[in-house]
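Asks: Fold the following and give me the result.
(one chain, ligands or ions: 1)
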Amino acid sequence: MKYIFVTGGVVSSLGKGLAAASIGTLLERCGLKVTLQKFDPYLNVDPGTMSPFQHGEVYVLNDGAETDLDLGHYERFVHCSLSRLNNLTSGQVFESVLRKERRGDYLGKTVQYIPHVTDEIKNRLYEVTEKSDVDIIITEIGGTVGDMEGHIFLEALRQFALEVGRDNVCFIHVTLLPYIKAAGEMKTKPTQQSVAKLREIGIQPDVIICRTEYDMSEDERRKIAMFCNVEAKNVIAFRDVKNTIYECPLDLSQDKIDRIVTRRLGLDVPAPNLADWQRYVGRVISPSHSIRIAVVGKYIALQDAYKSIYESFTHAGAENDARVEILRIDAEEIEEKGAEAMIGSVDGILVPGGFGDRGIEGKIQTVEYARTKGIPFLGICLGMQVAVIEYARHICGMDDANSTEFDQKTTHPVISLQEEQKGIKAMGATMRLGAYKALIQPGTLAHKLYGKDSVTERHRHRYEFNPAYRDELENAGLVISAVNDEHGLVEVVELPDHPFFIACQYHPEFQSAPNRAHPLFSGLVSAALEHKSHS
Ligand code: GLN
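Replies: Below is the predicted model:
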């Protein structure tokens with residue numbers, strides 16, 4: 001097994017995750033089998049309990065692990081299937097060490113950062129090595145070199161490299177070259193200092209990736225190489241991409257990072273074949289059509305909160321030869337100004353997932369607007385739940401219909417907790433999580449879009465369509481087009497007398513990728529194009 005460790009220096013938000021994923025893309029296209037993982041030094045056991053405003057989207061894996069959004073990049077950029085082993089946090093490390101201590105596993109020893117905590121981190125690396133059928137494991141270390149909380153992870157990596165042989169390991173350090181406008185210069189000092197910090201721990205990076213706004217000159221390259229003790233060709237420029245993040249692998253390949261890394265690891269492989277990736281990027285950059293889709297949610301202010309949804313639109317746009325312009329609308333603004341004013345001119349509407357009652361009435365108004373005006377609509381998770389509430393209120397006359405998440409006393413709890421959720425008080429990892437199979441009703445829009453009788457999709461929710469209301473809503477015209485294969489829980493609802501109105505309890509956005517656009521997103525984009533051509 002070969003290992004690549006990606007660390008970050010100078011500042012956070014450098015696109016370390018994208019750099020790691022892009023290196024994965026390139027290596028996969030050299031014919032290597034690659035998997036990726038992330039080590040996050042924070043103390044939460046997983047990001048599932050963090051607010052999206054804090055942490056951005058929680059990305060859900062097939063096995064139900066709630067993980068960092070970078071794992072979404074990994075699955076979109078590389079054909080890897082990740083599990084809960086692929087996201088290790090300090091919270092997990094300490095939880096495990098303390099459990100062992102209480103059990104007496106340490107046989108009377110003093111439990112210490114070194115070796116007990118570092119062993120715990122290395123054990124995860126060995127476990128992933130054992131369980132992954134790949135040639136290379138790329139591990140991204142969250143945070144910035146110099147952070148106190150990341151120190152122990154770096155120490156573990158230093159030890160690990162010694163154990164598996166330094167020639168099997170490539171350390172890549174991603175830094176920033178800030179541009180000082182007044183001086184008209186790019187500054188290399190922060191990079192030098194952050195590499196010095198790494199070397200203090202005993203890690204000499206093999207490759208330095210410099211995030212830059214402008215092209216890096218040969219002089220700058222040589223200077224970084226000299227001060228950081230790496231060869232000049234191993235200093236890679238990582239420019240801000242102009243159009244789409246999917247350009248990142250192409251950009252990094254210009255400086256031949258794949259050659260440098262594979263040579264460093266002693267792998268003799270052909271140059272990457274990027275033809276289909278290039279074609280894909282071409283389709284993203286210059287499509288023939290364009291549409292406007294409103295995403296009406298709660299965590300709109302933060303770019304990262306609905307990351308996978310925005311990415312899914314890029315994939316679906318490319319598949320439909322269309323640029324998807326996203327209008328990010330705060331549901332509370334719909335409550336204040338009305339749907340017509342806020343989303344009157346869009347070609348399609350998406351209501352994403354969410355928690356808590358803020359903005360719920362605005363989302364219900366949004367659904368009503370989409371339903372009555374014939375605007376293509378996709379609801380996801382909470383988006384499906386509000387679609388059901390809207391239908392119950394306005395078509396079935398259940399005026400106070402609601403989810404018991406928002407109104408415990410409603411006389412019509414059309415969305416409610418299942419028995420098995422009722423006793424649960426703890427917040428971490430207690431939702432219905434991960435992949436479940438749904439059976440799709442032939443003759444429905446869902447069946448037409450998927451083109452098959454069953455699908456496996458990822459979930460992250462507590463509340464469900466209340467089965468007690470199924471008959472009444474179906475009799476009033478709501479079509480239930482997919483149900484869970486074991487308990488019959490409602491997975492997808494749709495409206496037959498509407499150009500495109502579909503909503504699902506699961507999260508299709510977690511399984512969309514370049515050249516593998518998700519059928520529900522692709523369907524919405526295609527319906528929005530159709531809608532635009534008529535208006
Ligand atoms: N809050 C809702 C639930 O828990 C929806 C969750 C979501 O949209 N992810 O069921």
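Asks: my guess is L478 meets L495, correct?
Replies: Yes - using CB atoms under 8 Å, L478 makes contact with L495 at a distance of 6.9 Å. All C-beta atoms are positioned from the backbone trio N, CA, C, and that covers glycine.
Asks: what's the closest non-adjacent residue to the residue of the stretch 251-400 of the chain found nearest the ligand?
Replies: Closest to the ligand within the stretch 251-400 of the chain is G353: 2.6 Å, counting by CB to the nearest ligand atom. Nearest residue to G353, sequence neighbours excluded (CB to CB, 6 or more residues apart in numbering): C381, at 3.5 Å.
Asks: can you count the residues close to the one you found?
Replies: Neighbour count for C381, taken as other CB atoms under 10 Å: 23.
Asks: Can you show me the helices along the stretch 401-535 of the chain?
Replies: Per DSSP state H, counting those that start in this stretch, the stretch 401-535 of the chain carries helices over the ranges 419-422, 445-450, 470-475, 519-534.
Asks: Spatially central, which residue of this structure would that be?
Replies: Central residue of the chain (CA atoms, centre = their mean): G72, 3.2 Å from the mean position.
Asks: That residue in helix, strand or coil?
Replies: helix (DSSP: H, G, I helix; E, B strand; the rest coil).
Asks: What of T139?
Replies: strand.
Asks: Touching, it and L36? I think so.
Replies: Yes - contact criterion CB under 8 Å: T139 and L36 qualify, at 7.5 Å.
Asks: Neighbour count: these two, which is higher?
Replies: Between T139 and L36, L36 has the larger neighbour count (other CB under 10 Å), namely 27 against 23.
Asks: Check which helices and strands the lowest-mean-pLDDT helix or strand in the chain is in contact with.
Replies: Every helix and strand in the chain was compared by mean pLDDT, DSSP states H and E; the lowest is helix 419-422, with a mean of 74. Of the remaining helices and strands, none touches helix 419-422 by 3 or more CB pairs under 8 Å, 6 or more residues apart in numbering; DSSP states H and E.
Asks: do that helix and the ligand meet at all?
Replies: No - if you take CB under 6 Å from any ligand atom as the test, helix 419-422 misses the ligand, and the best it gets is 9.0 Å.
Asks: Might you calculate how far that helix sits from the centre of the chain?
Replies: 28 Å (CA atoms, centre = their mean, to the nearest Å).
Asks: Equivalent analysis for stretch 237-249, please.
Replies: 18 Å.
Asks: model confidence over stretch 379-386, on average?
Replies: Taken as a whole, stretch 379-386 has an average pLDDT of 97.
Asks: what do you get for stretch 239-251?
Replies: 90.
Asks: I'd guessed A370 sits against V346; true?
Replies: No - with contact defined as CB under 8 Å, A370 does not count as touching V346 (9.3 Å).
Asks: So these two - more neighbours on which side?
Replies: Taking other CB under 10 Å, A370 and V346 do not tie; A370 has more neighbours (29 against 25).
Asks: and for T139 and L36, which residues touch both?
Replies: Here T139 and L36 share no contacting residue, scored by CB atoms under 8 Å, 6 or more residues apart in numbering.
Asks: Quick one: name the residues of this protein near the ligand.
Replies: That would be 353-355, 381-382, 405, 460-463, which are the residues of the chain within reach of the ligand (CB under 6 Å from any ligand atom).
Asks: circling back to that earlier point, mean pLDDT for the helices of the stretch 401-535 of the chain: which is lowest?
Replies: helix 419-422 (a mean of 74).
Asks: contacts for that helix?
Replies: Contacts of helix 419-422 (CB under 8 Å, 6+ apart): 430, 432, 462-463.
Asks: One more: stretch 56-71?
Replies: For stretch 56-71, using CB under 8 Å, 6+ apart, the contacting residues are 16-17, 20-21, 36, 38, 40, 46-48, 50, 52, 55, 72, 81-84, 86-87, 140, 142, 302-308, 429, 433-435, 456, 458-460, 507, 510.
Asks: What remains of the residues you listed if I keep only buried residues?
Replies: 16-17, 20-21, 36, 38, 40, 46-48, 52, 55, 72, 82-84, 86-87, 140, 142, 302, 305-308, 433-435, 458-460, 507, 510 (16 or more other CB atoms under 10 Å).
Asks: can you give me the strands in the stretch 1-150 of the chain?
Replies: Under the criterion DSSP state E, counting those that start in this stretch, the stretch 1-150 of the chain contains strands at 2-8, 34-40, 59-60, 66-67, 87-89, 136-141.
Asks: Of these, give the one that comes closest to G443.
Replies: strand 59-60 (30.0 Å; CB to CB).
Asks: Leaving out the residues flanking it, which one is nearest to F521?
Replies: Per CB to CB, 6+ apart, closest to F521 is A316, 3.8 Å.
Asks: Validate this expectation: that neighbour resides in a helix.
Replies: Yes - under three-state DSSP, A316 sits within a helix.
Asks: What about it, how many residues nearby?
Replies: 24.
Asks: so what's it up against?
Replies: So A316 contacts 324, 512, 517-518, 521-522, 524-525 (CB under 8 Å, 6+ apart).
Asks: cool, M398 as well?
Replies: 392, 411-412, 414.
Asks: Show me which residues of stretch 323-342 are buried.
Replies: 323-324, 326, 328-335, 339, 342.
Asks: Check stretch 172-188 too.
Replies: Applying 16+ other CB under 10 Å to stretch 172-188 flags 172-178, 186, 188 as buried.
Asks: same check, this time on stretch 90-104
Replies: 90-93, 96-97.
Asks: ok, now how distant is the residue located most distally from the centre of the chain from I208?
Replies: Largest separation from the mean C-alpha position in the chain: G108, at 42.5 Å (CA atoms, centre = their mean). For G108, the distance to I208 (CB to CB, to the nearest Å) stands at 45 Å.
Asks: Equivalent analysis for V455, please.
Replies: 43 Å.
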